[in-house]
Each structure stands twice: as C-alpha cells, then as structure tokens.
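K.L.:
take a look and give me a structure for this.
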Amino acid sequence: MSKTILSAEGSITIPAEIRDQLELAPGTELVINVQGNTLVLKRSISDLPHWSTMEGMAKGEDSLTDFLVQERRAEIARDEIRNKGC
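P.N.:
Numbers count the residues shown, from 1 in each chain. Below you'll find the model as predicted:
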C-alpha cells in the first residue's frame, strides 16, 4: 500500500509506481467519487480513446478461425494416436 500526504492547497501526489502501473501521464483526467469514508479515483471516461479509433487494431493477416481449426485438427490427431496405444 502506498501513502501520500494532502498539501496545504488540497493537492495529493500519486506515487510514481502507481502512475507507472496505471500509465497515468501528466494531464490525465481523473474522477473522484466518495464512497462512505473512502475516496475512489478513476480515469475519466473522456480520457480513454474513443472506440471508433480502435477499429482494425486487432486485424492481422492470418485468420484466427483458420488457426483454431488447424489447432483442433492437430488435437484430434494426437488423441487418435494416444487412443491407438491403449
């Protein structure tokens, strides 16, 4: 658990290891929620990339379906060889 201290101006510093882990860069917009006696900081939804900019990010030249079919055929062949030995 990391600790931080509230400044006279009401600011806090998020420790570097947490900023690195969450990839929080200067200027990242955060939302503060109060839940009982707890402060919850979350990255603002407006800070996340718009879903339309992610189109095609997972595209590749190889077909995942073809790969999975080949993998399944190899599993069946291994099972058949194993079952013949019984």
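
K.L.:
partners of the spatially closest residue to L41 that is not a sequence neighbour in the sheet?
P.N.:
When the adjacent residues along the chain are set aside, L41 lies closest to L30, with 5.0 Å between them (CB to CB, 6 or more residues apart in numbering). Using the backbone N, CA and C atoms, a C-beta is placed for each residue, glycine as well. Here L30 sits in beta bridges with R43, going by DSSP bridges.

K.L.:
how about T38?
P.N.:
Under the criterion used (DSSP bridges), T38 bridges to Q35.

K.L.:
what residue lies at the spatial centre of this protein?
P.N.:
Most central residue of the chain, judged by C-alpha distance to the mean C-alpha position with CA atoms, centre = their mean, is L22 at 9.3 Å.

K.L.:
tell me the contacts of it?
P.N.:
R43 (CB atoms under 8 Å, 6 or more residues apart in numbering).

K.L.:
pLDDT score for it?
P.N.:
The pLDDT attached to L22 in the predicted structure is 88.

K.L.:
residues near the residue nearest to L41, how many?
P.N.:
Here the count is done by other CB atoms under 10 Å, and L30 has 12 residues near it.

K.L.:
no more questions from me, cheers.
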